[in-house]
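1. heads up, no residue letters with this:
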């Protein structure tokens with residue numbers, strides 16, 4: 001039996017309360033224990049008390065009477081300073097896969113997986129996180145199969161948060177434009193090589209808004225070599241002036257060997273905004289690459305005064 005000191009109802013002084021932790025076989029009315037009492041005992045300085053409190057929760061969970069917060073308490077017990085308590089919690093979490101974990105418990109698992117006190121705890125925490133991620137990814141993936149477009153957008157966001165790049169890429173052919181835009185933005189956030197084929201696919205989407213989102217994503221990734229030719233094609237051949245302008249801006253983030261020649265060609269684009277974007281992208285290389293300096297100097301004859309001003313700033 002452990003005597004727990006706690007504050008009285010008025011908040012002025014301690015009172016003593018006895019919590020009986022008899023052997024688990026004798027605990028026939030586990031649901032009579034309030035979770036608050038068990039939670040206090042989990043912070044007891046004696047590891048035997050903490051382990052007994054943990055055992056009460058575990059037995060309650062096995063009997064199907066686990067109070068709310070049991071899963072989180074077990075997860076945080078993975079950080080206990082005593083090996084017996086940690087191993088009790090780890091074994092229970094592994095044996096009770098259906099136990100509920102709230103956000104607080106997931107945070108505890110993440111900490112245990114990264115900085116657990118021993119290899120066993122880190123291994124169990126990593127296993128549980130993997131299982132939770134896969135289960136959540138399955139739920140989000142089901143959300144892509146139907147329903148309103150805004151629901152599918154949220155499903156894409158959830159998959160991005162779970163780093164499920166393959167599942168995100170599968171939504172690149174969604175019928176809704178906003179979903180495909182969310183996919184492009186998500187692939188940029190994930191920044192994984194396996195997402196590049198889907199991003200390349202989106203660069204040729206029939207909707208210019210999606211193509212612009214894919215170009216922005218390519219720029220965030222530094223215009224990888226796998227995407228460079230499609231970004232260049234968007235700059236030189238796309239029928240949408242907004243797409244061509246976005247491509248000119250994106251190429252500023254790319255390798256100059258691949259970006260400079262098409263940007264110089266874009267100085268003769270029929271749309272003023274595209275020519276201005278090309279000047280701004282080329283400006284960074286004017287001092288180092290003679291062909292850029294020559295092209296900008298020649299473009300000082302541009303018919304638009306705004307473009308000419310932009311070039312003078314670039315050359316200055």
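-> Nice, I can see it. Quick caveat: nothing in here was measured; it's all calculated off a predicted structure.
2. okay, CA-based contacts and neighbour counts for the rest of this
-> Noted.
3. Next one: the residue sitting nearest the centre point of the chain relative to residue 191, how far apart?
-> In the chain, the C-alpha nearest the mean C-alpha coordinate belongs to residue 161, at 3.0 Å (C-alpha atoms, centre = their mean). Using C-alpha to C-alpha, to the nearest Å, residue 161 is found at 13 Å from residue 191.
4. Repeat that for residue 58.
-> 41 Å.
5. Neighbour count for these two, which is higher?
-> A side-by-side neighbour count of residue 58 and residue 191, using other C-alpha atoms under 10 Å, places residue 58 first with 26 against 16.
6. wait, what's in contact with residue 99?
-> Counting by C-alpha atoms under 8 Å, 6 or more residues apart in numbering, residue 99 touches 61, 70-71, 93.
7. State the distance from it to residue 287.
-> Residue 99 is 63 Å from residue 287, by C-alpha to C-alpha.
8. swap in residue 316?
-> When residue 316 is compared with residue 287 (using C-alpha to C-alpha), they lie 10 Å apart.
9. same check, this time on residue 215
-> 26 Å.
10. For the two, indicate the residue with more neighbours.
-> residue 215 (32 against 14).
11. quick one: the helix or strand hosting that one to chain centroid distance?
-> Counting by DSSP states H and E, the element that carries residue 215 is helix 208-220. Centroid displacement of helix 208-220 relative to its chain, using C-alpha atoms, centre = their mean, to the nearest Å, is 19 Å.
12. Now do the next helix or strand after that helix against helix 208-220, angle only.
-> Per DSSP H and E, the first helix or strand lying C-terminal to helix 208-220 is helix 225-237. Going by axes from the mean of the first three to the mean of the last three C-alpha atoms, to 10 degrees, helix 225-237 is angled at 130 degrees with respect to helix 208-220.
13. now the helix or strand that helix 225-237 is followed by: how far from the chain's centre is it?
-> Next helix or strand after helix 225-237 toward the C-terminus (DSSP H and E): helix 241-251. Relative to its parent chain, helix 241-251 has a centroid offset of 27 Å by C-alpha atoms, centre = their mean.
14. residues making contact with helix 241-251?
-> 208, 211-212, 215-216, 218-219, 223, 231-232, 234-238, 259, 263, 266, 271, 273-275, 277-278, 280-281.
15. The same query, at a cut-off of 6 Å, please.
-> 212, 219, 231, 234-235, 259, 274, 277-278 (C-alpha atoms under 6 Å, 6 or more residues apart in numbering).
16. re earlier: nearest to residue 126, of the contacts of residue 99?
-> residue 93 (11.6 Å; C-alpha to C-alpha).
17. and that closest one, that's in a helix?
-> Yes - assignment of residue 93 by DSSP: H, G, I helix; E, B strand; the rest coil places it within a helix.
18. how many other residues sit next to it?
-> With other C-alpha under 10 Å as criterion, residue 93 counts 20.
19. For it, give its distance to residue 199.
-> Residue 93 is 39 Å from residue 199, by C-alpha to C-alpha.
20. show me where the stretch 51-200 of the chain has helices.
-> 70-77, 83-95, 103-115, 119-143, 149-161, 165-170, 177-190, 196-202 (DSSP state H, counting those that start in this stretch).
21. what would those look like in CSV with mean pLDDT and distance to residue 40?
-> Shown next, in CSV, are the helices of the stretch 51-200 of the chain (pLDDT from 0 to 100; distance: least, C-alpha to C-alpha, whole Å):
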stretch, mean pLDDT, distance to residue 40
helix 70-77, 90, 11
helix 83-95, 91, 15
helix 103-115, 87, 17
helix 119-143, 86, 23
helix 149-161, 91, 34
helix 165-170, 94, 42
helix 177-190, 97, 41
helix 196-202, 98, 51
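22. Redo those helices as JSON lines? Include distance to residue 227.
-> Shown next, in JSON lines, are these (distance: least, C-alpha to C-alpha, whole Å):
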{"stretch": "helix 70-77", "distance to residue 227": "43"}
{"stretch": "helix 83-95", "distance to residue 227": "43"}
{"stretch": "helix 103-115", "distance to residue 227": "34"}
{"stretch": "helix 119-143", "distance to residue 227": "26"}
{"stretch": "helix 149-161", "distance to residue 227": "21"}
{"stretch": "helix 165-170", "distance to residue 227": "15"}
{"stretch": "helix 177-190", "distance to residue 227": "12"}
{"stretch": "helix 196-202", "distance to residue 227": "6"}
